[in-house]
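> the amino acid sequence is not available; the structure is as follows:
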């Protein structure tokens, strides 16, 4: 037992990864993966999780990343932040891709069964030959709603457990005894509450995802596990971090930028549905209202409903934005403005992008806190 799940990740990487060793990890993914790999001097090798694959990793791409320097492969299912899930087929194909390479003496996995469709997930150690090469970690925070109790556990081969336990003993001493007793009760007790909560999370997820898909500029795939929604927000024209901050500061809705989970998280936000349905609906309403006000400013300028000439005279923010203002000097003429607007009206991507960048540089009214 450990005080949370993080120590298992921390100590496993600390014990097994030497300088120059490569560790393949999901991106976007839980931030400690990349952070800890870099801390010990290893090389963090991201495996992108792409929306078009429902954020499930591409096994062929994974196979192309594995080499003689690969020491660990980190898997997370159901996945934080995307809600993606590895299927039985995925696990078997991943095991085949790894094969019998001797350097891969550990096979990391973070598993929280069941997924939001009520299915138990295939553990990687059930694959012949992988029991001794797998470190499984899990916690009580999500399944049993015991976040503040700080308790997790790891399952690994005995010789590895001995060394990792020494790291634990010499840092945190031990997990509090009363939390361990509570954990035993959770595991041995009636599991009906877990199933009930899973059903409730499914209901909340369905409502929240449907609501996000009604908001202009947002699109969200249905997550198959965990209790997160990971909408694509690229059509808003806002970078993830800027939009997340604006929603918090101006709409009172908390979410995380996709970039908090790695470079491949740009263009996404992560929302948690671990809240009441009433509050989730309230959040959707606030996002909708905020988007209606703020994205409407850009749309209004694009179709010429505001005096563009007045906006284009606002060049005082050029220095602050670090943009060479000479690039946009030509747009002050009426003929140049007409050309740019025509390209935008005719739905030409280069016109829309150029115009949006100009508005950002400009610091137009209503966009001062924008991208």
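Thanks, I have the structure now. None of these values were measured; they are calculated from a predicted model.
> rest of the way, CA atoms for contacts and neighbours
OK.
> could you verify that residue 24 is part of a strand?
Yes: judged by DSSP: H, G, I helix; E, B strand; the rest coil, residue 24 forms part of a strand.
> show me what the top helix by length along the chain is packed up against.
The residue-count maximum for a helix in the chain (DSSP state H) belongs to helix 277-302. When contacts are defined as 3 or more Cα pairs under 8 Å, 6 or more residues apart in numbering; DSSP states H and E, helix 277-302 packs onto helix 192-212, helix 334-345.
> average pLDDT across it?
What helix 277-302 shows for mean pLDDT is 82.
> and the helices and strands packed on helix 277-302, which one is worst for confidence?
helix 334-345 has the lowest average pLDDT among the helices and strands packed on helix 277-302, namely a mean of 49.
> need the pLDDT of residue 329.
47.
> run the angle between the strand or helix carrying residue 179 and helix 192-212 for me.
Secondary structure from DSSP states H and E places residue 179 in helix 177-188. Inter-element angle recorded for helix 177-188 and helix 192-212: 90 degrees (by axes from the mean of the first three to the mean of the last three Cα atoms, to 10 degrees).
> buried residues in helix 177-188, which are they?
Neighbour counts over helix 177-188 (16 or more other Cα atoms under 10 Å) mark 179, 180, 183, 186 as buried.
> stretch 137-149 too?
For stretch 137-149, by 16+ other Cα under 10 Å, it's 137, 138, 139, 140, 141, 143, 146, 149.
> which of the residues you listed sits closest to residue 269?
residue 141 (22.1 Å; Cα to Cα).
> quick check, the closest one in a strand?
No: under three-state DSSP, residue 141 sits outside any strand and is assigned coil.
> which residue sits closest to it, ignoring its sequence neighbours?
Excluding the flanking residues, the one nearest residue 141 by Cα to Cα, 6 or more residues apart in numbering is residue 147, at 4.0 Å.
> again, but for residue 215
residue 288 (5.8 Å).
> can you get me a residue count around the one you found?
17 (other Cα atoms under 10 Å).
> on that earlier part again, next, the angle from the longest helix of the chain to helix 192-212.
Counting by the same axes, to 10 degrees, helix 277-302 lies at 20 degrees to helix 192-212.
> where in this protein is pLDDT low?
101-126, 296-371 (pLDDT under 70).
> per-domain residue ranges of it.
Following automatic domain parsing, the chain resolves into domains at 6-188, 192-300, 303-362.
> about what we covered before: quick check, the residue nearest to residue 141 in contact with residue 179.
No: between residue 147 and residue 179 there is no contact under Cα atoms under 8 Å: 11.2 Å.
> and residue 50, what does it touch?
Counting by Cα atoms under 8 Å, 6 or more residues apart in numbering, residue 50 touches 56, 57.
> to clarify, my last question referred to residue 271.
Taking Cα under 8 Å, 6+ apart, one finds 228, 229, 230, 254, 255, 256 in contact with residue 271.
> any figure for the gap between it and residue 58?
Using Cα to Cα, to the nearest Å, we find residue 271 at a distance of 24 Å from residue 58.
> now do residue 222
With Cα to Cα as the criterion, residue 222 and residue 58 are 19 Å apart.
> any idea how far the spatially most central residue of the chain lies from residue 146?
For the chain, the residue nearest the mean C-alpha position is residue 81 (3.4 Å; Cα atoms, centre = their mean). Look at residue 81 and residue 146: by Cα to Cα, they are 19 Å apart.
> over to residue 240?
Residue 240 is 30 Å from residue 146, by Cα to Cα.
> next: residue 280.
In terms of Cα to Cα, residue 280 sits 21 Å off from residue 146.
> now do residue 20
Residue 20 is 37 Å from residue 146, by Cα to Cα.
> ok, now residue 129?
Taking Cα to Cα as the measure, residue 129 falls 34 Å from residue 146.
> can you check residue 216 too?
36 Å.
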